[in-house]
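S.K.: need coordinates for the following:
(chains A, B, C and D)
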2 protein chains.
Amino acid sequence: MRASDRAYALLRSDIVEWRLAPGDVLAEVEQSARLGVSRTPLREALARLVADGLAAPHAGRGVVVSAISLEAVTDVFEVRLPLECAAVRLAASRGDRGVFTALAAEFALAGRLIEDDDGAQDAYYALVARLDQCIDAAAGNRYLLQAQKPIRTHLARVRRLARDNPERLLASAREHEQIALALASGNADLAEASMRVHLHHSLQHLLTPAGGKDDPPDTS
Amino acid sequence: MRASDRAYALLRSDIVEWRLAPGDVLAEVEQSARLGVSRTPLREALARLVADGLAAPHAGRGVVVSAISLEAVTDVFEVRLPLECAAVRLAASRGDRGVFTALAAEFALAGRLIEDDDGAQDAYYALVARLDQCIDAAAGNRYLLQAQKPIRTHLARVRRLARDNPERLLASAREHEQIALALASGNADLAEASMRVHLHHSLQHLLTPAGGKDDPPDTS
DNA sequence: GCCCGTTCCAATGTATGCACAGAAGGGCTC
DNA sequence: GAGCCCTTCTGTGCATACATTGGAACGGGC
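M.R.: Presented below is the predicted three-dimensional model:
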């Protein structure tokens, strides 16, 4: 792997996983020393971060990690909603239905994934990621993918703000099952409606202040 | 201005305006010599072009200008439609209505801009760009803007495939006037509907093979 | 005591040199 | 004569050295 790719991946995960907080300055010499690469590939990595919107050039003072807030979450969803709806509509009309039938069955069984302890939730997240990938593949539109990629990045960053909530995850699994079923039936209207339902609950949960002990948003 | 910015702007316009054709290889040494910058800023410019989707890394052979075709136009519009609709919905609910009332009046007068000879059409395109900027400002969503930017770039590239057609431009002006009027009234549903009408005609015209002498798409 | 100017420093922006990888062409062998 | 391998060469990837710009701190003047 190229050094610039490594630097980009490391910095990106550092930002997404909140090891680098908004406002932190990414000085070239400091980061190049920390990551063990030279300034040239590091500059390339910083440029990609800026293009992603994860960092912003600070006039004359390098780049700083960009801020993300609750208003920003609302803004992100204002873009995510039409994009995801467009994606599922395309996937419903173009996709291979068998794939989504199988995925729906997996989501129906997802309860045990979620209720199992520790690492099992990762399996659920992986399942969600697989559904996303299948939708992307079925939509078959590189421009749509290009538009969604930064949105998903910002979303992943917000997701790390809170821990997991089994209740919400279970509801999320049911919503995803509905989406998969709609795609399996090739019904674009139903798929879009199911996606709207899911995104509504997802955003609502994100905007709900973490009430009790750990009341965690799920944005998948 | 920085050398990397100059290189990016030059290469970008070269690609958008078809001085560089799809498949052309962008060799670092060659382009750095042509543009009068060193290899380092040129590499940065190439990376930005790749991020924009205007070029793609070709394994072991540098980056090549990416292809754009009629299927690609359809794909671009599949993303453009939901994004522009979302933008006008937000603009209708948030924007300052006076701005759009004034713009609607300008579009109503746009006939003379279009029918005037030569450079006058540029004034019309500038007017369209101003409407876009006002919609962007009214929507006030940086993530939406981030998603739209590459789409608009690809669109600008396609637009250069054909010359102007006064008939289509006049119809386009009327469609834009409707959008502006809907925004001025703060009616999100009407604004979206007007946008859908405009995009439908825009795409139809793009997909129509240039029939007579110069039957030129307008994608604004 | 405060404000403005100057100077120094640090960090970015740029250029160039070096090393490695992939491709193309030629030569050798079957 | 054709196919395969080796050599060479071009071009990218990386590192480092140099220039330039912006900022901060210190000193002088009001």
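
S.K.: what is the neighbour count of A:Glu115?
M.R.: For A:Glu115, the neighbour count with other CB atoms under 10 Å in any protein chain shown is 12. Backbone N, C-alpha and C define where each C-beta goes, glycine included.

S.K.: separation between the nearest residue to it once chain neighbours are set aside and A:Ala156?
M.R.: Spatially, and ignoring its direct neighbours in sequence, A:Glu115 is nearest to A:Pro166 (6.6 Å; CB to CB, 6 or more residues apart in numbering or on different chains). Going from A:Pro166 to A:Ala156 by CB to CB, to the nearest Å gives 20 Å.

S.K.: of the two, which one has the most company?
M.R.: A:Ala156 (16 against 13).

S.K.: beyond the longest helix that chain A contains, next helix or strand please.
M.R.: The helix that spans the most residues within chain A, counting by DSSP state H, is helix A:70-94. Scanning forward in sequence from helix A:70-94 by DSSP states H and E, the next helix or strand is helix A:97-108.

S.K.: can you give me the angle that next one makes with helix A:70-94?
M.R.: Put simply, helix A:97-108 runs at 140 degrees to helix A:70-94, going by axes from the mean of the first three to the mean of the last three CA atoms, to 10 degrees.

S.K.: report the distance from helix A:97-108 to the chain centre.
M.R.: The chain centroid and the centroid of helix A:97-108 are separated by 21 Å, computed with CA atoms, centre = their mean, to the nearest Å.

S.K.: tell me the mean pLDDT for it?
M.R.: Mean pLDDT, helix A:97-108: 95.

S.K.: tell me which helix or strand of chain A sits lowest on mean pLDDT?
M.R.: Lowest on mean pLDDT, DSSP states H and E among the helices and strands of chain A sits helix A:110-115, with a mean of 75.

S.K.: and that helix, how far from the chain's centre?
M.R.: For helix A:110-115, the distance to the chain centre is 20 Å (CA atoms, centre = their mean).

S.K.: send me it as PDB with only the CA atoms.
M.R.: C-alpha atoms of helix A:110-115 as PDB (Å, rounded to 0.1, in the frame of the first residue of the first chain):
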ATOM      1  CA  ALA A 110     -30.700 -10.500  13.500                       C
ATOM      2  CA  GLY A 111     -32.300 -10.400  16.900                       C
ATOM      3  CA  ARG A 112     -30.000 -13.000  18.200                       C
ATOM      4  CA  LEU A 113     -27.000 -11.100  16.800                       C
ATOM      5  CA  ILE A 114     -28.000  -8.100  18.700                       C
ATOM      6  CA  GLU A 115     -28.900  -9.800  21.900                       C
END
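
S.K.: quick check: next helix or strand after that helix?
M.R.: Sequence order places helix A:120-139 as the next helix or strand after helix A:110-115, per DSSP H and E.

S.K.: buried residues, the next helix or strand after that next one. List them.
M.R.: Next along the chain after helix A:120-139, taking DSSP H and E as the criterion, comes helix A:142-159. Buried residues in helix A:142-159, counting neighbours by 16 or more other CB atoms under 10 Å in any protein chain shown, are found at A:143-148, A:150-159.

S.K.: circling back: buried sites along the longest helix of chain A?
M.R.: For helix A:70-94, burial by neighbour count (16+ other CB under 10 Å) applies to A:72-73, A:75-92.

S.K.: let me see the mean pLDDT of that helix.
M.R.: The average pLDDT within helix A:70-94 is 95.

S.K.: next up, the contacts around the closest residue to A:Asp75 other than its chain neighbours.
M.R.: Of all residues not flanking A:Asp75 in the chain, B:Asn141 sits nearest, at 4.7 Å (CB to CB, 6+ apart). Under the criterion of CB atoms under 8 Å, 6 or more residues apart in numbering or on different chains, the neighbours of B:Asn141 are A:75, A:78-79, B:87, B:90.

S.K.: let me know the closest of these to DNA strand C.
M.R.: Distance to DNA strand C, by CB to the nearest atom of the strand, is smallest for A:Asp75 among the contacts of B:Asn141, at 27.1 Å.

S.K.: quick one: low-confidence parts of chain A?
M.R.: Residues of chain A meeting the criterion pLDDT under 70: A:60, A:116-119, A:162-164, A:209-220.

S.K.: residues from it in reach of DNA strand C?
M.R.: For chain A, the contact set with DNA strand C under CB under 7 Å from any atom of the strand comprises A:25-29, A:39-40, A:43, A:57, A:60-62.

S.K.: just to revisit the earlier point, between the buried residues of helix A:142-159, which is nearest A:Ala108?
M.R.: Set against A:Ala108, the nearest of those by CB to CB is A:Arg159 (23.6 Å).

S.K.: where does the closest one sit relative to A:Glu28, distance-wise?
M.R.: Using CB to CB, we find A:Arg159 at a distance of 29 Å from A:Glu28.

S.K.: show me how chain A divides into domains.
M.R.: Chain A breaks down into these domains under automatic domain parsing: A:3-65, A:70-207.

S.K.: the ones you listed into a markdown table, with extra columns for distance to B:Ala184?
M.R.: What follows is those, written out as a markdown table (distance: least, CB to CB, whole Å):
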| stretch | distance to B:Ala184 |
| --- | --- |
| domain A:3-65 | 31 |
| domain A:70-207 | 22 |
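
S.K.: OK, now which residue of chain A is nearest to DNA strand C?
M.R.: The minimum distance from chain A to DNA strand C, using CB to the nearest atom of the strand, falls at A:Gly62 (2.9 Å).

S.K.: picking that back up, tell me the phi and psi of the residue nearest to A:Asp75?
M.R.: Backbone geometry at B:Asn141, expressed as degrees, to the nearest 10, gives phi -130, psi 110.
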